[in-house]
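>>> what shape does this take:
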Amino acid sequence: MTHALSVAESVVDDSEVGADLYPRRVGVVPRGQRMADAIIGVPVEVRDVLARAAEAEGMSLRTYLTRLANSLLTPDERAARSSEARAILKAWNGYDPTDEELTEHQADLDRRIAQAQASR
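All right, here's what the predicted structure looks like:
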């Protein structure tokens, strides 16, 4: 069953917890400015998880979703960060891994994470 997740607060509340803790990106409304209401259809389980997470952080659902959206990167942004990190690594210690080495390192990291999660 899908329920509408309403993020319908029309004015940013200056007093909300975390309002100034996150960088502003395109689509984030500066304080005091009006924004469009949004209704997003999600399964009820997703809505409940998001509502519990927001409540645990002491935030409104709108603020929590804004923070979440600001933390996500597009594929292009991830690629740019990866290129920048590789350039910094090369400048710092001369290491310039090939794409094949990076794939092997990622597979090793994924394997280790899976082992750690399985041992819980």
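>>> pretty sure residue 39 belongs to a helix, no?
No - in this structure, residue 39 is strand, not part of a helix, as judged by DSSP: H, G, I helix; E, B strand; the rest coil.
>>> and it, what pLDDT?
For residue 39, the model assigns a pLDDT of 85.
>>> tell me the spacing between it and residue 47.
12 Å (C-beta to C-beta, to the nearest Å). Just so you know, the C-beta spots here come from the backbone N, C-alpha and C atoms, and that holds for glycine as well.
>>> check which element follows the strand or helix carrying residue 85 along the chain.
Assessed by DSSP states H and E, residue 85 sits inside helix 75-93. Tracing the chain past helix 75-93, the next element assigned as helix or strand by DSSP H and E is helix 99-118.
>>> list of residues touching that next one?
residue 97 (C-beta atoms under 8 Å, 6 or more residues apart in numbering).
>>> about what we covered before: okay, residue 39 and residue 47: which has more neighbours?
Under the neighbour definition other C-beta atoms under 10 Å, residue 39 and residue 47 were set side by side, and residue 47 has more, 18 against 9.
>>> and the strand or helix carrying the more buried one, what's buried?
Element membership of residue 47 [criterion: DSSP H and E] is helix 44-56. For helix 44-56, a neighbour-count test (16 or more other C-beta atoms under 10 Å) marks 47, 50, 54 as buried.
>>> tell me the mean pLDDT over it?
Mean per-residue pLDDT for helix 44-56: 94.
>>> so how far is stretch 47-57 off the chain centroid?
Distance of stretch 47-57 from the chain centroid (C-alpha atoms, centre = their mean, to the nearest Å) equals 15 Å.
>>> thank you kindly, that will do.
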